[in-house]
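Engineer: Any chance you can model this:
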Amino acid sequence: MERYNFYKNRGEENKAFKLDEKSPLPFELSRDEQFPMLKRDNKSAGTIKRGKEYDPSEALQHAVNVALMLHKPLLLTGEPGTGKSDLAYHLAYHFGWGEVEPFVTRTDSVATDLLYRYDSLAHFQKVNIQKGCADKVPVDEIEKMFISYVALGRAICDSIGQNDEGIPRRRVVLIDEIDKAPRDLPNDILTIIEEMSFEVPQLKTADGIKYPNKEKPIYKKTGKDELKPVVILTSNSEKTLPEAFLRRCVFFHIKMPDQEQLMKILLLKKSILPGITEQKGGEFIKLFFTIRDLIKGKKPATHELILWIWWMRAHRFTPNDIYRFNKTAANAATLLSGISVLAKEADDWKKVTEAITSNTIKG
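Structural biologist: Modelled structure (predicted):
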């Protein structure tokens, strides 16, 4: 079988079975045939702790320090793929703040989406089952069975020790693509962060307003200010954010790294790019910027560079294979297919591949 030609290999695997045999088992990829998975934890085999190999610039470190000192959310802008979201995972790893609580904003998101999820159907079914019973479902059982705290809500609950360990702790909350949010949502989020408090209406029953006591009813969650979550907001600048929201944030724009900065980033990616050297990395980076300059649409950034280098090395391709492209080579089509990692629009893909096949890209 041909290495990395998964589609063809699956077909050959199917042909090896006789008609009277059962269907072949699902096609699986070995660990070394796949890009290393970036997980929130690295407990699973073949995964890498997300944020562990992230290296924020000195300017970004200063912005983090400002946000931490002022207890303000940090709003990050920059091209997609420049590492905005990864900063949250890096901070959680660097400071030992546990797992990140992520939330991806949608155009229809509301504030409660960042706080908790309520399983209304399961609650309705439970109530119907117990209609004939004298006992009602206790309010604390309603919380355990039908309320799941998420993202900002979970971080506030964690600050008072409402978690599996019963230990108060600080969390990092990542709110991605805040620029997609409805107009009122950004300000609603900041109000909740500043007050460190929110209510769960589903728990505001006759019992809920006095359980466990009237001073701290179960329906009202109030966190500890000293364990306020670290909130990272990202924006792709698809639309302008409200001025009142911007006033209450610390802002930083992550620029596309230059060649020197990219070299530092590549050398840190030991788990993804083992054995990468300054010479080899520099050759890839030089070619990357040459291709990037040809692209007019969505330009590739740091993330695409890392993916592309990993893919090229997996196939044992080097930048010289691009510079000295040979149309008659057995792996010519495979080499060109990797351009789809960098060029994301038809015109750009055509322009780059034509430049490669005509040998107009020079090293």
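Engineer: helix, strand or coil for residue 241?
Structural biologist: Three-state call for residue 241 (DSSP: H, G, I helix; E, B strand; the rest coil): coil.
Engineer: Now do the same contact list for it.
Structural biologist: 75, 178, 179, 186, 235 (CB atoms under 8 Å, 6 or more residues apart in numbering). In short, each C-beta sits where N, CA and C put it, glycine included.
Engineer: can you tell me which of those residues lies nearest to residue 226?
Structural biologist: residue 75 (23.0 Å; CB to CB).
Engineer: That closest one contacts residue 246, doesn't it?
Structural biologist: Yes. Counting by CB atoms under 8 Å, residue 75 touches residue 246, with 7.4 Å between them.
Engineer: Quick check on those two: which one has the bigger neighbour count.
Structural biologist: residue 75 (26 against 12; other CB atoms under 10 Å).
Engineer: and that one, how far is that from residue 237?
Structural biologist: 11 Å (CB to CB, to the nearest Å).
Engineer: Same check on residue 296?
Structural biologist: 19 Å.
Engineer: hang on, the earlier thing: put together JSON lines for the contacts of residue 241, with pLDDT on each row.
Structural biologist: Shown next, in JSON lines, are the contacts of residue 241 (pLDDT from 0 to 100):
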{"residue": "75", "pLDDT": "98"}
{"residue": "178", "pLDDT": "96"}
{"residue": "179", "pLDDT": "94"}
{"residue": "186", "pLDDT": "93"}
{"residue": "235", "pLDDT": "96"}
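Engineer: Run through the strands of the stretch 151-300 of the chain in chain order.
Structural biologist: 172-176, 197-199, 220-222, 230-235, 250-254 (DSSP state E, counting those that start in this stretch).
Engineer: Could you look over these and pick the most buried one?
Structural biologist: Among the strands of the stretch 151-300 of the chain, strand 230-235 has the highest mean neighbour count (mean count of other CB atoms under 10 Å), at a mean of 25.
Engineer: Output the contacting helices and strands for it.
Structural biologist: strand 74-78, helix 84-95, strand 172-176 (3 or more CB pairs under 8 Å, 6 or more residues apart in numbering; DSSP states H and E).
Engineer: what residue ranges in the stretch 1-150 of the chain score low on pLDDT?
Structural biologist: Judged by pLDDT under 70, the stretch 1-150 of the chain has its weakly predicted residues at 1, 17-26, 37-47, 130-135.
Engineer: 50 - rerun?
Structural biologist: Along the stretch 1-150 of the chain, segments meeting pLDDT under 50 span 134.
Engineer: which one of the helices and strands packed on strand 230-235 is the most hemmed in?
Structural biologist: Ranked by mean neighbours (mean count of other CB under 10 Å), the helices and strands packed on strand 230-235 are led by strand 172-176, with a mean of 24.
Engineer: Using CSV, write out every CA atom in that strand.
Structural biologist: Provided in CSV are the C-alpha atoms of strand 172-176 (Å, rounded to 0.1, in the frame of the first residue of the first chain):
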residue,chain,number,x,y,z
VAL,A,172,-9.5,30.9,32.5
VAL,A,173,-12.5,31.6,30.3
LEU,A,174,-12.1,31.8,26.5
ILE,A,175,-14.8,33.7,24.6
ASP,A,176,-14.0,33.2,20.9
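Engineer: Just want the angle from it to helix 84-95.
Structural biologist: Relative orientation of strand 172-176 and helix 84-95, computed by axes from the mean of the first three to the mean of the last three CA atoms, to 10 degrees: 180 degrees.
Engineer: relative to strand 230-235, how tilted is strand 172-176?
Structural biologist: Using the same axes, to 10 degrees: strand 172-176 against strand 230-235 is 10 degrees.
Engineer: Summarise which helices and strands strand 172-176 is packed against.
Structural biologist: helix 84-95, strand 101-104, helix 151-159, strand 230-235.
Engineer: Pairing partners for the last one, with directions?
Structural biologist: The one in question is strand 230-235. Looking at strand 230-235 with DSSP bridges, its partner strands are strand 74-78 (parallel), strand 172-176 (parallel).
Engineer: starting at the chain centroid, how far to the last one?
Structural biologist: Going back to what we said before, that points to strand 172-176. Chain-centre distance of strand 172-176: 9 Å, with CA atoms, centre = their mean, to the nearest Å.
Engineer: Nearest spatial neighbour of residue 52, chain-adjacent residues omitted?
Structural biologist: Distances taken as CB to CB, 6 or more residues apart in numbering place residue 93 nearest to residue 52, at 5.4 Å, with adjacent residues excluded.
Engineer: Relative to residue 226, how far out is that neighbour?
Structural biologist: 22 Å.
Engineer: again with residue 203
Structural biologist: 25 Å.
Engineer: And for residue 255?
Structural biologist: 34 Å.
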